[in-house]
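Student: Here is my input; please provide its structure:
(2 chains)
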Amino acid sequence: MNALKVFNTMSRRKELFTPLKAGGVRMYVCGVTVYDECHLGHARSAVVFDVICRYLEHLNFEVTFVKNFTDIDDKIIKRAEQESVPWQTVTGRYIDAYHRDMERLGVRLATLEPKATEHVNEIVTLIQALIEKDIAYPVGPDVYFHITAFPRYGALSKRKLDEMQAGARIEVDERKRHPMDFALWKGAKPGEPSWDSPWGAGRPGWHIECSAMAIRHLGETFDIHGGGEDLIFPHHENEIAQSECATGKEFARYWVHNGLVTIDQEKMSKSLGNFFTIREIFEKFPASAPVTAEILRFFLLSTHYRSPIDFSDKALRQARAGLNNFYDLFKRLEEGSAQRLPGKAEWQKVLTRIARSVEEAMDDDFNTPAALASLQKFRSDVNRRLHAGLSSSEGQEALGVFRKCGQILGLFQVPSSDWEFGQAVVAGPTDPLMDYPPTVVVSSKASIDDSEIERLLEERQQARARKDWTRADAVRQELAERGIAIEDRADGSTTWKR
RNA sequence: GGCGCCGUACCCAAGUGGUUAAGGGAGCAGUCUGCAAAACUGCGAUGCGGCGGUUCGACCCCGCCCGGCGCCUCCA
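Tutor: Predicted structure coming up:
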């Protein structure tokens, strides 16, 4: 009945989405390696798949969403060594940090969040199965996957084995049967964390954990496998090879990859040092966490998930401006204005149409920018109707539609009285060299409390009553300097916002 | 070197083989207002990197070129 189309990296085309078992969707997304704080790139991936999961649920699918933690790896070991702490201290700390960041971002918990180290048995079993089929082979304490055993290798990333060797930059281990063979199991060096196995003490290679966890929790074949597009090769390619060789079945049916976050058009990454952690964005951005979260999400969702997105202060300001327009309307809607009897039939049609257009956008490979455009159109429409006289019940219904559609995106969920507009100061010239007025850093909730604002507004109201415009404007200026913008309404009342 | 992606107005960003190429931000003008703010109205790409080709017709299909990016090594 639904017409959801999903771009499948495997076919490089949009395909009609039909889950293997009607009514349920099983989705696996590669999470993070917990050796450090998460950056905006991780946030994008998390938000994208959070929205995909929300939308699938909106379509009444029962979603089993698995997102793993890679909690054993070279970088974790190195970090633990540097700090002289057990590796569990490192992974525990960054799993906590991850959960803190996700909660701030409004990213919901996955159904299951398995850890690699809790699936060593499954991993060992999987490797054994591959060895028995002579697809994997031990080399001393290590075990490698023999890549030529899987003829379809390269199907996802559209690479051919012989072409890759020409450009291979890695040093070839002579003991490997094929230069591209990769490790399933790594023997432990003295002092390294390890688990027992038929090949001696060691730890799993990177790719095998995802195969093991996905198969364990979702079955040998499941619906969606996702992650950042930088995981397409080699990670996902290797996952497919291992899994399909072991089970003889198709691994994942739809491969979904999000585009990367760039800074000045360059990939944001640890190695380039050009990254912003989620934590520092929340700590530095001049707004409360729920407001910052929506601004970040709005920014992230205003570009299609497969395109690259460039991060900057300006981009964030544009996102905030867009969101401010919505919350401005929400405030006015909540003020209510019983002016007119509801025109039921036509109005219901309007509400249905907007909800439908959001669904149509999302059905088209989760086209969040188009969904936002629909909502912005609706915002403008409601503003016009409000101007013409909207009944308060109609206003409430409009609000309900915004919040319900917004739920899919994780937007419009902040109570409008808590929204922070952060644009109070209107005094001062605009810098002609900038195509944007400078951001005025205000909006610290602690700077002025509500009763103080009410007192000043009352004072201004009296000044206005006696046409003492100088005094009235001075009060407004004072409020502006403390981060409060005011608006006089037609009925003589005055509202304010931070 | 191999593979892949992208290039739409000042900025961000959808989109379609053929009616006026969404939407937002910023800007300008107007309505409203004591002044502001908000909102509303109007203005803004004769053109979708460039050149060819296919077609009755292309921004959308194909080829080449230019520019940018990603992967090929840990990476969301």
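Student: Where do the strands of the stretch 1-150 of chain A begin and end?
Tutor: Assigned by DSSP state E, counting those that start in this stretch, the stretch 1-150 of chain A shows strands spanning A:5-8, A:13-16, A:24-33, A:62-70, A:136-139, A:142-145.
Student: Residue A:104 is nearest to which of the ones you listed?
Tutor: strand A:24-33 (15.4 Å; CB to CB). Just so you know, the C-beta spots here come from the backbone N, C-alpha and C atoms, and that holds for glycine as well.
Student: Relative to the closest one, what are the paired strands and their orientations?
Tutor: strand A:62-70 (parallel), strand A:222-228 (parallel) (DSSP bridges).
Student: Name the surrounding residues that touch stretch A:132-146.
Tutor: Residues outside stretch A:132-146 that contact it (CB atoms under 8 Å, 6 or more residues apart in numbering) are A:127, A:130-131, A:149-150, A:173, A:175-178, A:181-188, A:199-202, A:238, A:241-242, A:245-246.
Student: Give the buried subset of the residues you listed as a PyMOL selection command.
Tutor: Remark: buried members of those, expressed as a PyMOL selection using 16 or more other CB atoms under 10 Å:
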select buried, chain A and resi 127+130+131+149+150+176+181+182+183+184+185+186+187+188+199+202+238+241+242+245+246
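Student: Of the contacts of stretch A:132-146, which belong to helices?
Tutor: A:127, A:130, A:131, A:238, A:241, A:242, A:245, A:246 (DSSP state H).
Student: and those, which two are the farthest apart?
Tutor: Across the ones in helices among the contacts of stretch A:132-146 (CB to CB), the longest gap, 16.3 Å, separates A:131 and A:238.
Student: low-scoring pLDDT stretches of the stretch 301-450 of chain A, where are they?
Tutor: A:336-344, A:423-447 (pLDDT under 70).
Student: Residues of it that sit close to RNA strand B?
Tutor: The stretch 301-450 of chain A comes close to RNA strand B at residues A:302-304, A:307-310, A:314-315, A:317-318, A:321-322, A:325, A:328-329, A:332, A:364-365, A:367, A:369-370, A:372-373, A:376-377, A:379-380, A:383-384, A:386-387, A:423, A:426, A:430, A:435-437, as judged by CB under 7 Å from any atom of the strand.
Student: Now that we have the residues you listed, which of them are buried?
Tutor: A:302-304, A:309, A:317-318, A:322, A:328-329, A:332, A:364-365, A:367, A:370, A:372, A:379, A:383, A:386, A:423.
Student: Okay, and which of the residues you listed map to helices?
Tutor: Using DSSP H, those in helices are A:317, A:318, A:322, A:328, A:329, A:332, A:370, A:372, A:379, A:383, A:386.
Student: Excluding chain neighbours, what is closest to residue A:54?
Tutor: Distance criterion CB to CB, 6 or more residues apart in numbering; nearest residue to residue A:54, sequence neighbours excluded, is residue A:408 at 5.1 Å.
Student: Can you give me every residue that contacts residue A:109?
Tutor: residue A:102 are the contacts of residue A:109 under CB under 8 Å, 6+ apart.
Student: One more: the one 10 residues further on?
Tutor: By CB under 8 Å, 6+ apart, the contact set of residue A:119 is A:209, A:212, A:213, A:216.
Student: With neighbour count, secondary structure and pLDDT as extra columns, can I get the residues you listed in TSV?
Tutor: Shown next, in TSV, are the contacts of residue A:119 (neighbours: other CB atoms under 10 Å; DSSP: H, G, I helix; E, B strand; the rest coil; pLDDT from 0 to 100):
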residue	neighbour count	secondary structure	pLDDT
A:209	29	helix	95
A:212	27	helix	96
A:213	25	helix	97
A:216	18	helix	97
